[in-house]
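Q: Requesting a structural model of the entry that follows:
(chains A and B)
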Amino acid sequence: IAGITQAPTSQILAAGRRMTLRCTQDMRHNAMYWYRQDLGLGLRLIHYSNTAGTTGKGEVPDGYSVSRANTDDFPLTLASAVPSQTSVYFCASKTDRGRDTEAFFGQGTRLTVV
Amino acid sequence: GNSVTQMEGPVTLSEEAFLTINCTYTATGYPSLFWYVQYPGEGLQLLLKATKADDKGSNKGFEATYRKETTSFHLEKGSVQVSDSAVYFCALFDGNKLVFGAGTILRVKS
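A: Now for the predicted structure:
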C-alpha cells in the first residue's frame, strides 16, 4: 500500500540520548516535512525538504536535524534528547500538482523523553 | 506569511446536531485551503479542500466554502455522528510549507 511509513510507532528515551525517527515514502513526492504535535499548539513544522539533497528549517528546528539523501527517506535526528521534546512526531509528503496539491501524513511516532 | 486561525474547542454536540467549526485565513493571494481530520490514535488525513474562491469542498457529509470576501473556510456538517469525534485542522500552504490552525476537538455524544 502506497504511503508514508514512520518508525518506531512509540519510544521512551532517556534524556541526553541520541535518537533517529525514520520516515519513508513510496509516492515519489519531492517535498517532505516533519511536524511535532503538542496539546493546544497544533502541528508545528520542525524541518522540511523541497527535494532530495536540500533541507530547510521550520518553525521549531532547535535540537533537531534532518537529512535527505534520496527521494524516499527523510530521517529526523535528536542529537541529545530533552524532556521538552516529548511529543508526537508526524512525517508528511506533498504532491506536486500546483493548486491541486495535497499533503499525506504518516501514522506518527509518540516519543517520551524521561 | 500565510496563516490560519480556527475556533478553539472542545466542541461537544449531541448526535444529529449541526456542526460549524470556524476557520479564517490570512494570505497573500488565494492559496488552496484544506481541512484535515485526525481520529484518535491516528495520523492526519485530508477531509476536503478547495482550490479557488467560491469553491466548495465536500466529503463524508462535511462541507466548506472558500469565501474570499470574509477570508473564511468554515467547516459544516448537517448531522454529526459519534464516529465524527476527532480533531479537525484547517490548513493552507505558505510557499511550500503546510501551515495548520491549532485544531478543534469535536466530541459527539450519543
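Q: C-alpha from now on. contacts and neighbour counts both.
A: Will do.
Q: mind listing what the nearest residue to A:Y89 once chain neighbours are set aside touches?
A: Excluding the flanking residues, the one nearest A:Y89 by CA to CA, 6 or more residues apart in numbering or on different chains is A:R36, at 4.5 Å. Shown in contact with A:R36 (CA atoms under 8 Å, 6 or more residues apart in numbering or on different chains): A:L43, A:R44, A:L45, A:I46, A:S87, A:V88, A:Y89, A:F90.
Q: so how far is the helix or strand where the third one lies off the chain centroid?
A: What it means is A:L45. If you go by DSSP states H and E, A:L45 is part of strand A:42-49. The chain centroid and the centroid of strand A:42-49 are separated by 7 Å under CA atoms, centre = their mean, to the nearest Å.
Q: now it: mean pLDDT?
A: Mean pLDDT, computed over strand A:42-49, is 94.
Q: helix or strand right after it?
A: Remark: after strand A:42-49, the chain's next helix or strand is strand A:56-57, criterion DSSP H and E.
Q: For the residue positioned nearest the centre of chain A, identify the helix or strand it belongs to.
A: With distances taken as CA atoms, centre = their mean, chain A has A:W34 as the residue nearest its mean C-alpha position (2.7 Å). Using DSSP H and E, A:W34 maps to strand A:31-38.
Q: picking that back up, next one: the nearest residue to the residue nearest to the centre of chain A once chain neighbours are set aside, what pLDDT does it get?
A: Spatially, and ignoring its direct neighbours in sequence, A:W34 is nearest to A:C91 (4.6 Å; CA to CA, 6+ apart). Per-residue confidence (pLDDT) for A:C91: 97.
Q: Tell me how many other residues surround A:C91.
A: Neighbourhood size, A:C91 [other CA atoms under 10 Å in any protein chain shown]: 30.
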